[in-house]
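Peer 1: Compute the structure for the input listed below.
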Amino acid sequence: MVFEVSSSELLKKLQVASGAISSNPVIPILEDFLFDLSGNEITISATNLEVTIISSIEVKGKEDGRVAIPAKILLDTLKALPDQPVKFKIHKDNNSIKIKSAYGEYKLTGDNASDFPETPAEDNVNEIELESSSLIKAINNTIFATSNDELRLAMTGVLMQMDFNKVIFVSTDAHKLVKYTIGGLSSDLTESIIIPKKGLTVFKNAISSSDEESAKISFNNKNIFFKSGDTLVISRLIDSKYPDYNAVIPVDNDKTLTVNRSDFQNSLKRIVIYSNKTTNQVVLNLAEDSLTISAQDLDFSNEETEQISCDYKSDPLTIGFNAKFLVEMLGIIETDDINLQLSAPNKAGILLPTDESDQEKLMMLVMPVMMSH
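Peer 2: Coordinates of the predicted model:
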């Protein structure tokens, strides 16, 4: 197997693929990239058995073949080289690899390509196409609210619910919940799948470096396949039932606070410093056009209070929240002002952007922290 390729072009592809290589793999071959040369195209695969990344690159090919190459030494070599053509020569009888650059020759040993895990087959799939920018936004908006609790497996991933002309992405960890809806699709699918956080993270990193306008998504009952440009990311799905999230979204939040997003966020960042370190609890005190935010840590006698101008026309209300959650959620919203819809001190609050396009809608729910007296 012989081919020549630009060192920096190859490095770019390998860095994307390396997102699927874990630091302590279950079997040694998973530390490798699989190179498959056919004519003037090399297909590069990497996997950790949960997530697989496959990408291709144009090369000057001489002899077709397949080999598994240890990822770390190859990445380190290419990173240390300035951009130049490099020539690979692989002996198929013993998988020895010679890399020639303008500076000299590097020898390493590869592994047998036949030991590399099979790629999941894309059979019996449903398909849907989304704009890459919408998909990245959906991932960024939901991934932070997934749970880390392995006992609630469904909640460690993001629910993707196809409903004819729209797709709904939902994540929750029982303290906060995010629902992001992308509309305007022409599809006749009504399906739900749960995508692991790792698969979404890997895909997001791969897609943002490919600058493609749209992403093709296909899935069966085991795997999801994300295609963008010449990169394919395959992720196993979570086989579990997602909780009925609609049941926890309050429908009668009749009190609306409208406040400047960054003023609110910056105030919370200062006030959380004075809150109890286990609950991060801050108290919002609402009266007509007035918002007072306070926190105290009784163990250390620390406390702080701030006032922000706002728009609020309902009955006075005092409610406690975890400031860290609010800060994180406010960081996702892109409008200058936000609406916080409330009803009672023990009921969830709903955070919304003040204006949105008809096709993409964001709703975030945050559970209150019960106030200790």
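Peer 1: Please point out which parts of stretch 167-183 sit buried.
Peer 2: 167-173, 175-183 (16 or more other CB atoms under 10 Å). Quick note: C-beta positions are derived from backbone N, CA and C, even for glycine.
Peer 1: tell me the two of those residues that are most distant?
Peer 2: Based on CB to CB, the longest span within those runs between H175 and G183 and measures 27.7 Å.
Peer 1: now N260, nearest residue through space, not along the chain?
Peer 2: Leaving out its chain neighbours, the residue that sits closest to N260 by CB to CB, 6 or more residues apart in numbering is D337, at 5.7 Å.
Peer 1: Can you tell me how far the one you found is from N280?
Peer 2: 24 Å (CB to CB, to the nearest Å).
Peer 1: Does the residue nearest to N260 touch S262 like I think?
Peer 2: No: counting by CB atoms under 8 Å, D337 stays clear of S262, with 9.7 Å between them.
Peer 1: quick one: which of those two has more around it?
Peer 2: When neighbours are counted by other CB atoms under 10 Å, D337 and S262 differ, and D337 comes out ahead with 17 against 13.
Peer 1: which residues touch the lowest-mean-pLDDT helix or strand in the chain?
Peer 2: Within the chain, no helix or strand scores below helix 197-208, which has a mean of 88 by mean pLDDT, DSSP states H and E. Here helix 197-208 makes contact (CB atoms under 8 Å, 6 or more residues apart in numbering) with 16, 19-20, 50-51, 53, 55, 132, 135-136, 139-140, 143, 146, 156-158, 215, 224, 226, 228, 231, 233, 235-236.
Peer 1: Apply 6 Å and report the result again.
Peer 2: 16, 19-20, 51, 132, 136, 139, 143, 146, 226, 228, 231, 233, 235 (CB atoms under 6 Å, 6 or more residues apart in numbering).
Peer 1: Next: stretch 130-141.
Peer 2: F169, V178, Y180, I182, L200, K204, I207, E212, S214, A215, I332, L362.
Peer 1: so which of those residues comes closest to V67?
Peer 2: Minimum distance to V67 across the contacts of stretch 130-141 is 27.5 Å, recorded for I207 (CB to CB).
Peer 1: residues near M329, how many?
Peer 2: M329: 24 neighbours (other CB under 10 Å).
Peer 1: Quick check: which element contains K216?
Peer 2: Applying DSSP states H and E as the criterion places K216 in strand 214-219.
Peer 1: buried residues in that strand?
Peer 2: For strand 214-219, burial by neighbour count (16+ other CB under 10 Å) applies to A215, I217, S218, F219.
Peer 1: which residues sit in contact with N285?
Peer 2: Going by CB under 6 Å, 6+ apart, N285 touches T292, T318.
Peer 1: Which of the helices or strands spans it?
Peer 2: If you go by DSSP H and E, N285 is part of strand 281-287.
Peer 1: So what touches the helix or strand just after that strand?
Peer 2: Next helix or strand after strand 281-287 toward the C-terminus (DSSP H and E): strand 290-297. Residues from elsewhere that reach strand 290-297 (CB under 6 Å, 6+ apart): 267, 271, 274-276, 282-285, 303-308, 310.
Peer 1: Helix or strand next in line after strand 290-297, which one?
Peer 2: Past strand 290-297, the next helix or strand by DSSP H and E is strand 302-309.
Peer 1: I'd like the distance from that next one to the chain centre, please.
Peer 2: Offset of strand 302-309 from its chain centre (CA atoms, centre = their mean, to the nearest Å): 34 Å.
Peer 1: What is it packed up against?
Peer 2: helix 261-271, strand 290-297 (3 or more CB pairs under 6 Å, 6 or more residues apart in numbering; DSSP states H and E).
Peer 1: Let me have those in a markdown table, extended by distance to P345 and mean pLDDT.
Peer 2: As requested, those are arranged in a markdown table below (distance: least, CB to CB, whole Å; pLDDT from 0 to 100):
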| stretch | distance to P345 | mean pLDDT |
| --- | --- | --- |
| helix 261-271 | 18 | 96 |
| strand 290-297 | 15 | 94 |
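Peer 1: Which one, of these, ends up nearest to A71?
Peer 2: Closest to A71 of these is helix 261-271 (CB to CB; 39.1 Å).
Peer 1: Touching the closest one from outside, list them.
Peer 2: The contact list for helix 261-271 (CB under 6 Å, 6+ apart) reads V282, I293, A295, E304, E306, I308, A323, L326, V327, L330, I333, I338.
Peer 1: can you tell me which two in these are farthest apart?
Peer 2: Spatial extent of the contacts of helix 261-271 (CB to CB) is set by the pair E304 and I333 at 24.0 Å.
Peer 1: quick one: the nearest residue to Q307 once chain neighbours are set aside from K347, how far?
Peer 2: In space, and not counting its chain neighbours, Q307 is closest to T292: 5.2 Å by CB to CB, 6+ apart. As judged by CB to CB, T292 and K347 stand 20 Å apart.
Peer 1: now swap in D163 and tell me
Peer 2: For D163, the distance to K347 (CB to CB) stands at 27 Å.
Peer 1: next one: L153
Peer 2: Counting by CB to CB, the gap from L153 to K347 is 28 Å.
Peer 1: just to revisit the earlier point, mark which of the contacts of strand 290-297 are buried, thanks.
Peer 2: Taking 16+ other CB under 10 Å as the criterion, what is buried in those is S267, I271, Y274, S275, N276, V282, V283, L284, E304, E306, I308, C310.
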